[in-house]
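J.: Fold the following and give me the result.
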Amino acid sequence: MKDQLLNIYKKAKISHGDHKILENNILISFNNGAKVEVLGKNDEEYNVKFFDKKENLLIYDSVITNNTWASPSPKYFVNWRIEINRKKAAKDYSFEFDLKNKTIKIVNESPSLGDCIAWTPYVIEFQKTHQCTIDFYTPHSEILSNNNENINILQYSKKNNSIDYYASYDLGYYCEDLNKSCKDPRTQSLQEVAANILGLKYKEIIPEIKINNKERNIAEKYVCISTSSTSGCKHWQRKNGWQDVVDYLNNLGYKVVVIQKDSLNYMDLQGLNNVIHPETNDIQKAITWLTNCEFFIGLGSGISWLS
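T.: Numbering: from 1, shown residues only. So this is what the prediction gives:
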């Protein structure tokens, strides 16, 4: 058997061709910020540069090798241009960021009603600006009206991290992370927060809300008020202030309807006399009351944005 194998080996034709070096795979993504990753077995260095294309400004550069990655800090919208220089190649590689006809994910990470209502119009503006398709995951999706066929308004709980989106952005009130919000949100109006994260010019935009039922609950004229907020520092601290308002409106012939899930004694608030406080755990019930009132008085809160 040994002699037979040796004879076969001696008669075999052996070709000593050059070994082909496989190219590494360069992956570029814009989910949770821009990222360049190099995968492969070919040992090589890459000088990666991330530019803000609008400002023609170098944001970040790094030298990486195969099976490593580079990513600049900003997670908010930047109109990126990426340049990659291979040390062993004479020609640079340039990639232009372009959202047109791409599918984008935007997630509203705030559970607050006011944030949801205030920020949604900027998702619509983003789609119009970039001519893309958007999956928008947000709390309170059931009350948002949407006539844009290129935007899918989806429940926050359904957000999917396995879908391969071209780019993704998170909306939130990021006070201590300027990598997610290019400006401190405490220095801006609420709608400016979304405008800056999505790289849009700020202007006040009234959102569209679904109204399932426009029929009045009571025949009398009435005014809606809301005395509570998620943050106690927004509460009106004037002694008997709300009761004085209620008494004044009653004297003018108006009923006063308190629209809030919280009790009239919520946190530091005092109870009120001569008011109607309907159960509004179903937000559409609150919308019906607000739709038919003469006017609304409230604080910086989600009910004020809903009104």
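
J.: what residues does stretch 262-277 touch?
T.: Outside of stretch 262-277, the residues within contact range by Cβ atoms under 8 Å, 6 or more residues apart in numbering are 218, 222, 225, 227-228, 232, 235, 237, 240, 242-243, 246-247, 250, 255-258, 260. In short, each C-beta sits where N, CA and C put it, glycine included.

J.: Could you give the average pLDDT over the strand or helix carrying V48?
T.: Using DSSP states H and E, V48 maps to strand 45-52. In this model, strand 45-52 carries a mean pLDDT of 96.

J.: per-domain residue ranges of the chain.
T.: Partitioning the chain according to automatic domain parsing yields domains covering residues 25-96, 103-197, 222-306.

J.: ok so, going back, narrow the contacts of stretch 262-277 to those in helices?
T.: Taking DSSP state H as the definition of helices, those contribute W242, Q243, V246, D247, N250.

J.: Dump the residues you listed into JSON lines; add pLDDT as well.
T.: Rendered in JSON lines, the data for the ones in helices among the contacts of stretch 262-277 read as follows (pLDDT from 0 to 100):
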{"residue": "W242", "pLDDT": "96"}
{"residue": "Q243", "pLDDT": "97"}
{"residue": "V246", "pLDDT": "98"}
{"residue": "D247", "pLDDT": "98"}
{"residue": "N250", "pLDDT": "98"}
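
J.: circling back to that earlier point, check the offset of the strand holding V48 from the chain's centre.
T.: Taking Cα atoms, centre = their mean, to the nearest Å, one finds strand 45-52 lying 27 Å from the centre of the chain it belongs to.

J.: buried stuff in that strand?
T.: Within strand 45-52, the residues that qualify as buried are Y46, V48, K49, F50, F51, counting by 16 or more other Cβ atoms under 10 Å.

J.: follow-up on the earlier one: kindly reformat the domains of the chain as JSON lines containing distance to P207.
T.: Conversion of the domains of the chain to JSON lines gives the following (distance: least, Cβ to Cβ, whole Å):
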{"stretch": "domain 25-96", "distance to P207": "20"}
{"stretch": "domain 103-197", "distance to P207": "5"}
{"stretch": "domain 222-306", "distance to P207": "8"}
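
J.: which residue is nearest the centroid of this protein?
T.: L171 (2.9 Å; Cα atoms, centre = their mean).

J.: what residues are up against that one?
T.: For L171, the contact set (Cβ under 8 Å, 6+ apart) comprises I106, V107, N108, E109, S110, D115, W119, V193, A194, I197, L198.

J.: That one pairs with what?
T.: Per DSSP bridges, residues listed as beta-bridge partners of L171: N108.

J.: picking that back up, could you identify the most distant pair in the buried residues of strand 45-52?
T.: With distance counted by Cβ to Cβ, no two of the buried residues of strand 45-52 lie farther apart than Y46 and F51, which are 15.8 Å apart.

J.: Check which element follows the lowest-mean-pLDDT helix or strand in the chain along the chain.
T.: Least confident helix or strand, the chain: helix 2-11 with a mean of 51, by mean pLDDT, DSSP states H and E. Beyond helix 2-11 in the direction of the C-terminus, DSSP H and E gives the next helix or strand as strand 25-31.
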